[in-house]
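Asker: Would you be able to build a 3D model of this:
(2 chains)
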Amino acid sequence: MHPIARILAVAYLALAVIGGVVLVQTSLNYVHVSDINVNIEGKVALTGVEILWNRSSGGTPLVRVSVNATNPGRITIEATNVDFTLHMDDPDDIYEWYDSDGLQVTEIGPGGITKRRGQGFAIAPGESRVIDILVTVSSDELARFDRPDASGRYHPVIMEARFVYFFAGFDLFGILDLPPFYEAAGVVPVG
Amino acid sequence: MDEATRTLWRQRAFYVVWIVVGAVIVAGFFVAAFFADFSLIELGDPGAVLLLVPLLTGLLLGILLTDAEIVVAAGAGVACATLAAGLVAVFLFSPLLAGVAVGSNIFAAFTISRVALSVVVLFPLVLVGCVLGRGIGDLFLPSPRLKLQLDELREETRRWHDALDRLERRTTEPERGSGGPEPPERKD
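Answerer: As a prediction, the model looks like this:
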C-alpha cells in the first residue's frame, strides 16, 4: 500500500470509530425517546382538585389542581407546561358535567403552569412527581364558581388538559393530552 | 492451503473489512445528519453531510482498493451502500427491535420511506466516489507491488521494442547474416 494510502486508511478507521459510536448512541437515544413517548400515556393524570377558600370571608378562591406524572422511561424528562380549562359543574342545571353546551356555561377560565427549559420539573426514570398548580378565581368569575350542591360540596371539572415534557439532553419534546377530570364526590373548600 | 491462496483470501478479507468500515461511516453520519435531534454530535449543515460523507467515504474506499480490479471496486461500492442502508434500517427499526414500540401502519410508512430515501441518496454517491477513488489511487497512489508490476511490464515492453528494432536492422542489412532476435525472457 502506498504510504499516503496508509495514512488515508488510518483516517478511514478513525472515521469509522466516530461513525460507529454515533450510530450506536443515536440508536439508543431513539429507543429511549420512543420508549417514553409510547408508554407515558396513562402515566400522567390529574389526581385532585382542592379549593382554598373561606366563603364567608368574601375573598377570592384559589383552586389547587394536582397532576401526577410518572416517568416510564430510562432517561430524565422535564415537565415544562401544564395547561387546562377549569369549569365548575352546576348540580342544579340540566346538563351532565361533560356536556359541551353545559361546559360553555360552567367555564371559569384557563389555568396552568409554564416553566423555562431547565427550570421545569425534572422527573427521573421510574420516579413519580406531583405538580401542583394554583388557579386564582377572579371576582367576575365568582358567580359561575360558587355553585355548591345541597351538601355544600363543589364539583370542579378540568377539561382540555395538556402536559408538555422535554427530554433531558435533547431538543425534543412531547405533548400529552390528559383525560378530563371530574370531582364526582365533591370538594369541601378549605380555608 | 498454499501461500498464493492464503494471500488471495487475506486480500478478500481486507476488502470485506474496508466495505464494512465504510458502511459504518456512511450510516453513522447519515443518521447523525438526518436524525439530528437524537444525535450526540451537532453537524453544521446536515445537507452537506448527507451529500459529502458518502462521496468521500466511497472515494477513500476506492483508494484503498487500488490493487483490485475496477469491477471489484464498483462492487465494493454497491456492497458498502447496501450495508449502510441496512444499518440505517436497523436504526429506524431499533424501537421495534428493542421491544419498546409496536409496529403500526404509520410506523411502517415512516420507516420504509426513510429507508428508501437513504438508498436513493447513498447508492449513487458511494458508487461514484468508489470508482473515482479507484481511478485516483491508480493514477497517484499505486502500491509498491503494483508499481513493481508496472515497472516490469514497461521493462518487458522495452525489451520487445529493442528486439524488434534489432530484427528490423538485420532485415535492412542482409549482409550481416541470418538469425532472428532472441525473444526476451518473460517475467510474470
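Asker: Near chain A, which residues of chain B are found?
Answerer: B:18, B:21-22, B:24-29, B:31-32, B:35, B:37-41, B:57, B:60-61, B:63-64, B:66-67, B:87, B:90-91, B:94-95, B:98, B:100-102, B:137, B:141-144 (CB under 8 Å from any CB of the partner chain). C-beta here means a position set from N, CA and C on the backbone, and glycine is covered the same way.
Asker: Mind telling me which residue is nearest the centre of chain A?
Answerer: By CA atoms, centre = their mean, the mean C-alpha position of chain A lies nearest to A:Phe163, the distance being 2.7 Å.
Asker: any idea how far it is from B:Phe38?
Answerer: To B:Phe38, A:Phe163 is 22 Å away according to CB to CB, to the nearest Å.
Asker: Give me the buried entries from the residues of chain B next to chain A.
Answerer: B:18, B:21-22, B:24-29, B:31-32, B:35, B:38-39, B:57, B:60-61, B:63-64, B:66-67, B:87, B:91, B:94-95, B:100-101, B:137, B:141-143 (16 or more other CB atoms under 10 Å in any protein chain shown).
Asker: among those, which are in strands?
Answerer: Applying DSSP state E to these, no entry is found in strands.
Asker: Which parts of chain B belong to which domain?
Answerer: For chain B, automatic domain parsing gives the domain ranges B:3-142, B:143-188.
Asker: and those domains as a markdown table, adding mean pLDDT?
Answerer: A markdown table is the format used below for the domains of chain B (pLDDT from 0 to 100):
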| stretch | mean pLDDT |
| --- | --- |
| domain B:3-142 | 91 |
| domain B:143-188 | 77 |
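Asker: deepest of those, which one?
Answerer: domain B:3-142 (a mean of 19; mean count of other CB atoms under 10 Å in any protein chain shown).
Asker: Endpoint to endpoint, that domain covers what distance?
Answerer: 23 Å (CA to CA, to the nearest Å).
Asker: dump the residue contacts of the closest residue to chain B within chain A.
Answerer: Relative to chain B, the nearest point of chain A is A:Gly19 (2.7 Å; CB to the nearest CB). Applying CB atoms under 8 Å, 6 or more residues apart in numbering or on different chains, we find A:Gly19 in contact with B:Val24, B:Ile25, B:Val26, B:Ala27, B:Gly28, B:Phe29.
Asker: was I right about the first one contacting A:Val24?
Answerer: No - at 9.9 Å, B:Val24 and A:Val24 do not qualify as touching, with contact defined as CB atoms under 8 Å.
Asker: The residue in chain B that chain A sits nearest to: what's its closest spatial neighbour, skipping adjacent residues?
Answerer: Residue nearest to chain A within chain B: B:Gly28 (2.7 Å; CB to the nearest CB). Nearest residue to B:Gly28, sequence neighbours excluded (CB to CB, 6 or more residues apart in numbering or on different chains): A:Gly19, at 2.7 Å.
Asker: buried ones in the helix or strand harbouring the one you found?
Answerer: Secondary structure from DSSP states H and E places A:Gly19 in helix A:3-39. Buried residues in helix A:3-39, counted by 16+ other CB under 10 Å: A:5, A:8-9, A:12, A:15-16, A:18-20, A:22-23, A:25-37.
Asker: same question, stretch A:104-119
Answerer: A:Thr106, A:Glu107, A:Ile108, A:Gly111, A:Gly112, A:Ile113, A:Lys115.
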